[in-house]
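Novice: test case, fold it:
(chains A and B)
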Amino acid sequence: MTDLMTDAAPVVDVRDLQVHFKIRRGILATQTVRAVDGVSFTIAPGETLGLAGESGSGKSTVARALVRIHHPTGGSIRVAGAQTGRLHGQDLKAYRRRMQMVYQDPYDSLDPRMSILEAIGEGLAVRGVARARRRAQTEDLLRRVNLPATLTSRFPGQLSGGQRQRVSIARALAVGPEVIICDEAVAALDVSIRAQVLNLLKDIQADAGVSYLFISHDLSTLRFMADRVAIMYVGRLVEYGTSRQVFSAPQHPYTQALIAAVPDVSAGAASARAKLTGEPPDPANPPPGCPFHPRCPAAIDLCRTVRPELRPKAGGQLAACHVAPDEPGAAPAPATPSGSEVTTS
Amino acid sequence: MPSYRSWLARRPRGGPAGPAGAPDPGGPVVTVDHLTVAFPHRTGSGEVVRDVSFAIQPGERVGLVGESGSGKSLTARAIMQLIPAPGRVSGGRVLLGDAELGADTRLRASSWRGTQVAMITQDPLSSLNPLVRIGVQATEMLRFHRGLSRAAARARALELLTAVGIPDPARTLSQFPAVLSGGMRQRVALAIAISCQPRLLIADEPTTALDVTIQAQVLDLLERMTADQGSAVLLISHDLGVVASFCDRLLVMYGGRIVESGPTAEIISAPAHPYTRALMASVPSMTGELPDRLASIPGSPPAGGVWTAGCAFAPRCPIAAALCRDADPELIGLAEGGRTTTDTAARHHAAACHASHDDSWALVAAGSGAS
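Specialist: Residues are numbered from 1 along each chain as shown, chains lettered A, B, ... in the order given. Down below sits the predicted model:
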C-alpha cells in the first residue's frame, strides 16, 4: 500500500499535534498533563491508518482533537489542505461534515429517544437534504450497512449491539464525510458480529473511498484493517509504518511486546505469553528520557535521560528508540554525549 | 464498618471453620449435571442455560467460550448459586465433590463460598466494595473461614498481595479500590479469591477490561497462583485466543448449550462444530497472509429464552439441512460415537452437531465451502 514517504496529497495531515490538559492537584496547584505531545501523521484518501496503544496513551484524545471536541494546544491539523486549527461557528460545522466519528459504545452514542429515521435524518439534514427525501435516503443508508430498511421507525433500545453500531456507521455516512474516525468501534461487539462490521467498513471504503482513522487496542483487528499503523505510548508515537513493516518486523520494544502479548488461537495452549512488566506510567508524571524505559527489556543508560525521536529504522518504518538499529544510510543521530551507544544494543 | 464486624461475629464458633462436607479427594471438584437455568418468559420456556453437563477435575484448567447470551456466565453463576432473581435453576443439579448444592445440608453457602469455590469477575470495581478499604476486604475471608486473628489475617493478606505483584502492599491495604488501576484491582481480586485456597476458581472474563500487556500479566499470575495451590480454574471468555492459551480443555457454548467440548489442542486443530469453526475464522490472525474479508457468521446470536425445535445454530449455519431444523443434536463423542455422559465429556472431543457424525455430510460441507 502507501509508502511512508510518498503521500502525495493526504486528506488528513497532522503535524506536531499537542493536547495538554490542566488538572488540579491540591487546592492551589495545577499540573499539566501532556495527553498528546507532538504527534504527526497523515492519512491518504481511501486509506486506513490504525492507531494503537494502551489506555491512557492518548489515542482517543488524538481522535477528539481531530473532530475538535478538544482544542489542540499546539501543532496543526490540515484536512484536504485547509488549516483547521482556528475554526469557529459555520466553518467548524462545515469542517465536521468532512470528519465523522463512530464510537465504541452505540448504547451511549445514539439518543434513546430518537428513532433511527430521526438519528440518521439529522445527519442528512446537516448535509442539506430536503425533509421529503430523508426517509428514502435513510432507507438507502440502512441497506448500505446491511440492515433492513424497515428499521427506520425503531428506537435504539429495540436493536441489538451489532445493529446499533451499523446505525452509527450509517449516521456517520449520512453526512458524506471524507474521513471516519472509528474509536474502538468494534470493541463492544461479539466476535461473530465484529467480523461482519469489519467487513462492512471495508466494503464502504471500497465503495465510497472514505479514509479511516481506526483506533483499537486490538492488534489483530488493526492488522486486518489498517494500511499503515501508528503505535502510541504516553502521548507520543513510538512506531509508525506500513502494516507489513510494523507487524512483521516491529522495531520498538514496546511494539514487540504488544504483538507478543496477543493471545493467538493457533498458538495453542503451549504458547508462552510475553511478559511486559509494570504498567503504563501516569501521563501526568511520565518518566524522564524514554517514557517506556522502566518497562523496557532493552533499555540502556541513554534511555533514562534522553527522549528518543522518531527516526527511520532498519525495516523502513519510523520508531522512537535509541536501541533499535537505524535504517542504513539515514542521517546520523544528533550528537549526544553518549551518541556512540545509540546503535549498539 | 459495623456490618462487617457483625458479620464476622456470626462466624461459626469453635475455631477455624474447615471446608464443610469434605469432598471425596479422588472425584471431580465440581460436577454440573444436566443444568438448566430459566427466567420467567411470556412466550418461550425462558431457558437460558439448557441441559449443560460437565465436570472439573482437581487442578484442571477448563475454558468456557461463548458470545453474549450464550449462557456461559449464568452457568458459572449457577455453580456459585448466584443466579439473579427472577432466574432460577429449573433443572439438573450442581455437585461440589459429592454434595449437591442447595440440597445437602453440609453445604451452607457461608461455608463453601471462598473455601471450595471462589470467583473473580470482569470488573473488580463492581465486585469489590467501593466504600470499604482493601485491608478489610482482603482479610474478611481469612478471618471468617480460617478464624485468623486480625493481625494474622493482615500478615497473610500482605503475603498474598506481594505474591500477586502489588508494589506496595502495606499501603494498598489502607486504600480504597477506586484508587487502583484496573490491572491492580484485578490482582487484588485474585489475591482475595485465592486467600482460602479454593479447590475451584471461576474467572469470568477476568482480562476483558484490561490492556493487552496487563492481560498477559494477569493470565500468567492466574496460572501461577492456581498451580501453586492446586486449584482448578474455570476460565470464561468470549476470546478464544485467551482461553486457548490458558486451558487444558474447552467447552464452547451457543444458545445456552454446550455445542463442542474436548481437549484444547484437538478443538483448535480440528474444530468439529460449524460454530466453533466460524468463531475461529472470524478472528483475524496475527501471522500469515490475511484474507480480504473475514469469514463472518451471518445473523446474530439468539436472544435466548425462546427456542424452536432443532439446533439453535441452524439459522446461521452454512451447512444446515432439514434435519438440523427438526431435531436438536446431542453432545456426542466424536471417536466413540456413543452418547456423551458427564464422565466421558471430561476427556474426549465431543460435538453437538448432526453433521459432525455423518461422513457424507462432511462432503456436503466441503462442497458448499468451495462454492
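Novice: ok, the closest residue to residue B:91 other than its chain neighbours - contacts?
Specialist: Sequence neighbours aside, residue B:36 is the residue nearest to residue B:91 in space, at 3.5 Å (criterion: C-beta to C-beta, 6 or more residues apart in numbering or on different chains). Yep, even glycine has a C-beta here, placed from its N, CA and C like the rest. Each residue near residue B:36 by C-beta atoms under 8 Å, 6 or more residues apart in numbering or on different chains is listed here: B:47, B:49, B:50, B:51, B:52, B:89, B:90, B:91, B:92.
Novice: give me the number of residues near residue A:287?
Specialist: Applying other C-beta atoms under 10 Å in any protein chain shown, we find 16 other residues in the vicinity of residue A:287.
Novice: please report phi then psi for it.
Specialist: Dihedral angles of residue A:287 (phi, psi; degrees, to the nearest 10) stand at phi -70, psi 160.
Novice: isn't it up against residue A:293?
Specialist: Yes. Using C-beta atoms under 8 Å, residue A:287 makes contact with residue A:293 at a distance of 6.4 Å.
Novice: all helices for the stretch 1-150 of chain B, in order.
Specialist: Ranges of helices in the stretch 1-150 of chain B, per DSSP state H, counting those that start in this stretch, are B:2-9, B:72-79, B:109-112, B:124-127, B:134-146, B:150-163.
Novice: what would those helices look like in CSV with mean neighbour count?
Specialist: Output for these, formatted as CSV (neighbours: other C-beta atoms under 10 Å in any protein chain shown):
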stretch, mean neighbour count
helix B:2-9, 11
helix B:72-79, 24
helix B:109-112, 18
helix B:124-127, 17
helix B:134-146, 22
helix B:150-163, 18
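Novice: pipe those helices into JSON lines and attach mean pLDDT and distance to residue A:183 per row.
Specialist: Listed next are the helices of the stretch 1-150 of chain B as JSON lines, based on pLDDT from 0 to 100; distance: least, C-beta to C-beta, whole Å:
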{"stretch": "helix B:2-9", "mean pLDDT": "50", "distance to residue A:183": "41"}
{"stretch": "helix B:72-79", "mean pLDDT": "92", "distance to residue A:183": "27"}
{"stretch": "helix B:109-112", "mean pLDDT": "76", "distance to residue A:183": "43"}
{"stretch": "helix B:124-127", "mean pLDDT": "78", "distance to residue A:183": "22"}
{"stretch": "helix B:134-146", "mean pLDDT": "92", "distance to residue A:183": "32"}
{"stretch": "helix B:150-163", "mean pLDDT": "93", "distance to residue A:183": "35"}
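Novice: and those helices: which comes nearest chain A?
Specialist: Of all these, helix B:72-79 sits nearest to chain A, with 12.0 Å by C-beta to the nearest C-beta.
Novice: now for the closest one, which elements pack on it?
Specialist: For helix B:72-79, the packing partners by 3 or more C-beta pairs under 8 Å, 6 or more residues apart in numbering or on different chains; DSSP states H and E come out as strand B:30-38, strand B:47-56, strand B:61-65, strand B:88-96, strand B:200-204, strand B:232-237.
Novice: give me the mean pLDDT for stretch A:288-308.
Specialist: Across stretch A:288-308, the average pLDDT comes to 93.
Novice: report the backbone C-alpha coordinates of it in PDB.
Specialist: What follows is stretch A:288-308, C-alpha atoms only, in PDB (Å, rounded to 0.1, in the frame of the first residue of the first chain):
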ATOM      1  CA  PRO A 288      12.400  11.100  32.100                       C
ATOM      2  CA  GLY A 289      14.100  10.000  29.000                       C
ATOM      3  CA  CYS A 290      12.200   7.400  27.000                       C
ATOM      4  CA  PRO A 291       8.800   7.000  28.800                       C
ATOM      5  CA  PHE A 292       9.000   3.300  28.100                       C
ATOM      6  CA  HIS A 293      12.400   2.700  29.700                       C
ATOM      7  CA  PRO A 294      11.100   1.500  33.100                       C
ATOM      8  CA  ARG A 295       9.300  -1.400  31.400                       C
ATOM      9  CA  CYS A 296      11.800  -1.900  28.500                       C
ATOM     10  CA  PRO A 297      13.900  -5.100  28.500                       C
ATOM     11  CA  ALA A 298      16.400  -3.500  26.200                       C
ATOM     12  CA  ALA A 299      16.900  -0.100  27.900                       C
ATOM     13  CA  ILE A 300      20.400   1.300  28.100                       C
ATOM     14  CA  ASP A 301      21.600   4.300  30.200                       C
ATOM     15  CA  LEU A 302      20.900   6.800  27.400                       C
ATOM     16  CA  CYS A 303      17.200   5.800  27.500                       C
ATOM     17  CA  ARG A 304      16.900   7.000  31.100                       C
ATOM     18  CA  THR A 305      18.000  10.600  30.200                       C
ATOM     19  CA  VAL A 306      17.400  11.400  26.600                       C
ATOM     20  CA  ARG A 307      14.000  11.100  25.000                       C
ATOM     21  CA  PRO A 308      14.300   9.400  21.600                       C
END
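Novice: buried set for it?
Specialist: Within stretch A:288-308, the residues that count as buried by 16 or more other C-beta atoms under 10 Å in any protein chain shown are A:289-293, A:295-296, A:299-300, A:302-303, A:306-308.
Novice: re the thing from before, for residue A:90, find the nearest of the helices and strands packed on helix B:72-79.
Specialist: strand B:232-237 (48.7 Å; C-beta to C-beta).
Novice: gap between that closest one and the chain center?
Specialist: Its chain's average C-alpha position is 4 Å from that of strand B:232-237, according to C-alpha atoms, centre = their mean, to the nearest Å.
Novice: can you lay out the helices and strands packed on helix B:72-79 as CSV showing distance to residue B:119?
Specialist: Output for the helices and strands packed on helix B:72-79, formatted as CSV (distance: least, C-beta to C-beta, whole Å):
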stretch, distance to residue B:119
strand B:30-38, 12
strand B:47-56, 14
strand B:61-65, 13
strand B:88-96, 14
strand B:200-204, 4
strand B:232-237, 9
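Novice: want to throw the ones you listed into JSON lines with mean pLDDT?
Specialist: Converted to JSON lines, the helices and strands packed on helix B:72-79 look like this (pLDDT from 0 to 100):
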{"stretch": "strand B:30-38", "mean pLDDT": "93"}
{"stretch": "strand B:47-56", "mean pLDDT": "92"}
{"stretch": "strand B:61-65", "mean pLDDT": "95"}
{"stretch": "strand B:88-96", "mean pLDDT": "91"}
{"stretch": "strand B:200-204", "mean pLDDT": "94"}
{"stretch": "strand B:232-237", "mean pLDDT": "95"}
